[in-house]
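Engineer: any chance you could fold what I've pasted below:
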Amino acid sequence: MQPITGEWINLSVGDGTSMRAYLARPRNAPTAPGLMVFQEIFGVNGHIRELCERFAVEGFTAMAPELFHRTAPGFITSYDSYVPGREEAVKMTIPGLEDDFRAVSDWFAADAQTGSRKMGSVGFCMGGRMSFLAATTLPLACAASFYGGNIPQHTDRLDRLNSPLLLVWGGADAGIPPEQRATLQTSLLAGKKSFLDVCFEEAGHGFFCDQRADYHSEASHLAWPLALDFLRKYLDPDARQ
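Structural biologist: Numbers count the residues shown, from 1 in each chain. Alright, predicted model coming up:
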């Protein structure tokens, strides 16, 4: 297993705020692609930090920024209730999120390990929508979204999208109906965008997280190599094969 390091860092954001982020990187790689890892609505919790570390083992320098940093720095809540996270999520603004995305991108660009490499993004739950927004804000090489709800409300940004998308869904997700997925597909096809759409029909929302009630072991184990192959294709990391 490739040795990695993991730590909390602080980023300066363009609006004058400070944003904490969890950073995991391959210890002995002179260069590595930068990967933005966007949180669920529950915060940059143990699951998200573990994902950063898993990506680092695979050769990516992975960073998960705290997107609630303006209103609730250090926010982490239980999977028992969506309410606390939703109360913070509604306070986010598109201009603020764009500043956050740029802060991560600027950090990757200035870092010795990632500065010469491509950048991509991946997000889960709320973070799936953030991954789409980041790809319509920055010149990312690719973006992946796991059960990212309400993306169709941002299709007015499609003219800014130039990176391939990986969209991963659970067919039994009660919060993201098939009609929403179909609307997004139609918009992407109409805009002639490059995307891969994958649905695990028996899986529910949050199926990739083994700390959630909807965890689906089979779908999770199939989705992981799919995501890695997608990211490697477009980011070309010096990862073990």
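
Engineer: list the contacts of the top helix by length along the chain.
Structural biologist: With secondary structure taken from DSSP state H, the chain has its longest helix at helix 217-235. Taking C-beta atoms under 8 Å, 6 or more residues apart in numbering as the criterion, the residues outside helix 217-235 that touch it are 33, 35, 58, 60, 117-120, 122, 141-142, 144, 146, 163-164, 166, 168, 170, 196, 198, 200, 202-203, 207-208, 210, 237, 239. (Glycine included, C-beta is placed from N, CA and C.)

Engineer: shouldn't A64 be within a strand?
Structural biologist: Yes. When the secondary structure is assigned by DSSP: H, G, I helix; E, B strand; the rest coil, A64 falls within a strand.

Engineer: one step back: buried ones in the longest helix of the chain?
Structural biologist: Within helix 217-235, the residues scored as buried using 16 or more other C-beta atoms under 10 Å are A219, S220, A223, A227, L228, F230, L231, R232, Y234, L235.

Engineer: stretch 92-107 now?
Structural biologist: Of the residues in stretch 92-107, those buried by neighbour count under the rule 16+ other C-beta under 10 Å are M92, G96, L97, E98, D99, D100, F101, R102, A103, V104, S105, W107.

Engineer: just those residues: which are in helices?
Structural biologist: Using DSSP H, the members of these that fall within helices are G96, L97, E98, D99, D100, F101, R102, A103, V104, S105, W107.

Engineer: please identify which of these is nearest to E179.
Structural biologist: L97 (25.6 Å; C-beta to C-beta).
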